[in-house]
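**Q** model this:
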Amino acid sequence: MSYNLNNADGVVNVSQQVIEVIAGVAVQETEGIAFTADDSKLQEKQMVKLVKVEDVGGEITISLSVHIKYGMSIIKTAGKVQERIAQDMENMLAFQPKAINVRVIGLLKG
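**A** From the prediction side, this is the model:
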């Protein structure tokens, strides 16, 4: 599936997998947050399955479920990954998603 994203330069057609990979890499590069207890073994195919991209009324919504390192602030850490995803989408695709939903499903051992 692909999406037509409107930006200042016109319309860009972007594959759903590209959006999923950008969001997945943002999670992996944010301290204290991961998809699973051991993300080092997580391959790209598995990672993109953990990121959901939806088109809601012409706007893109990104949803993901993550684990957060024990002892870290859940709100701050989830906020950091939301900011990172939004920043990466803006830098790479020149668009902002309507929403970035982060669901915390577990804690990682310190």
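**Q** from here on, contacts and neighbour counts on C-alpha atoms
**A** Fine.
**Q** Following element in sequence after the helix-or-strand element of the chain with minimal mean pLDDT, please.
**A** Every helix and strand in the chain was compared by mean pLDDT, DSSP states H and E; the lowest is helix 44-49, with a mean of 72. Counting by DSSP states H and E, the next helix or strand C-terminal to helix 44-49 is strand 51-56.
**Q** give me the beta-bridge partners of Val56?
**A** Val56 forms beta bridges with Glu59, as assigned by DSSP bridges.
**Q** Nearest to the spatial middle of this structure, which residue is it?
**A** Nearest to the centroid of the C-alpha atoms of the chain, with distances taken as C-alpha atoms, centre = their mean, sits Ala23, at 2.9 Å.
**Q** Show the pLDDT at it.
**A** Note on Ala23: pLDDT of 94.
**Q** would you say it is within a strand?
**A** No: in this structure, Ala23 is helix, not part of a strand, as judged by DSSP: H, G, I helix; E, B strand; the rest coil.
**Q** so who does it touch?
**A** Val51, Ile85, Asp88 (C-alpha atoms under 8 Å, 6 or more residues apart in numbering).
**Q** Ok, Val51 next?
**A** Contacts of Val51 (C-alpha under 8 Å, 6+ apart): Glu20, Ala23, Gly24, Ile62, Ser63, Leu64, Ser65.
**Q** What subset of those is buried?
**A** Glu20, Ala23, Gly24, Ile62, Ser63, Leu64, Ser65 (16 or more other C-alpha atoms under 10 Å).
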